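# coordinates only, no sequence provided:
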DNA sequence: GCCAACGTTGGC
DNA sequence: GCCAACGTTGGC
């Protein structure tokens, strides 16, 4: 019985859905753009920050929940819901000389940058950054840390519930 | 366009 | 390994 319960628990821990916030500049790729794309899906290429890369490469799993955030725009904030749609794989833009994201130090044998695919689920009302800041239950969100600029940040299950349950 | 906060690069 | 210089992010 004890063994059985432990097995169930560890299985549950392994499969627990994780949550993320991913920033995108709407001029480049908005929630509408992804919803309009084939299979409502896009490759999250172009991330050139090691911490954000590591989240994708080492932690993200298909099915993880994603808050789709619009940044560097007139109304920064959460604009939609999405999910991780693939495991991480080498970002093809690092090998493309014509790409802004070309990295001369990356090789196919030793890729430096990875990305996942993201599938858009729905557009939501725009939840402005100021509203997130004002919400006490979100005080510890990574996004809201002073000076935080990371384009991919973890979201706790409690934060996810707060946002999807009472803000959207 | 400003600027604060970070991250990266490269000389030493 | 230090650290100054430079580049980038991203809200305002």
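Yes, it's here. These numbers come from a predicted model, not from an experiment.
# what about stretch A:29-36 and DNA strand C, any contact?
No - applying C-beta under 7 Å from any atom of the strand, one finds stretch A:29-36 separated from DNA strand C by no less than 12.3 Å. Using the backbone N, CA and C atoms, a C-beta is placed for each residue, glycine as well.
# show me what counts as buried in that stretch.
Of the residues in stretch A:29-36, A:29, A:30, A:31, A:34, A:35 count as buried by neighbour count, 16 or more other C-beta atoms under 10 Å.
# can you list contacts of that stretch?
Stretch A:29-36 is contacted from outside by A:24, A:26, A:40-42, A:68, A:70, A:79-80, A:82, A:118-120, A:122-123, using C-beta atoms under 8 Å, 6 or more residues apart in numbering.
# can you say which of those are buried?
If we count by 16+ other C-beta under 10 Å, the contacts of stretch A:29-36 have these buried: A:24, A:26, A:40-42, A:68, A:70, A:79-80, A:82, A:118-120.
# for those residues, give me a markdown table that also has pLDDT.
Output for those, formatted as a markdown table (pLDDT from 0 to 100):
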| residue | pLDDT |
| --- | --- |
| A:24 | 97 |
| A:26 | 96 |
| A:40 | 98 |
| A:41 | 98 |
| A:42 | 98 |
| A:68 | 98 |
| A:70 | 98 |
| A:79 | 97 |
| A:80 | 98 |
| A:82 | 98 |
| A:118 | 98 |
| A:119 | 98 |
| A:120 | 98 |
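# among those, which lie within strands?
Among those, the members found in strands (DSSP state E) are A:24, A:41, A:42, A:68, A:70, A:79, A:80, A:82, A:118, A:119, A:120.
# ok, now how distant is the closest residue to the fourth one other than its chain neighbours from residue A:126?
What it means is residue A:68. Take residue A:68 and drop its neighbours on the chain: the residue closest to it by C-beta to C-beta, 6 or more residues apart in numbering is residue A:80, 4.1 Å away. The gap separating residue A:80 from residue A:126 is 9 Å, by C-beta to C-beta, to the nearest Å.
# re the thing from before, rebuild the ones in strands among the buried ones among the contacts of stretch A:29-36 as CSV, extending it with distance to residue A:48.
As requested, those are exported to CSV (distance: C-beta to C-beta, whole Å):
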residue, distance to residue A:48
A:24, 14
A:41, 22
A:42, 17
A:68, 20
A:70, 20
A:79, 23
A:80, 24
A:82, 21
A:118, 17
A:119, 23
A:120, 23
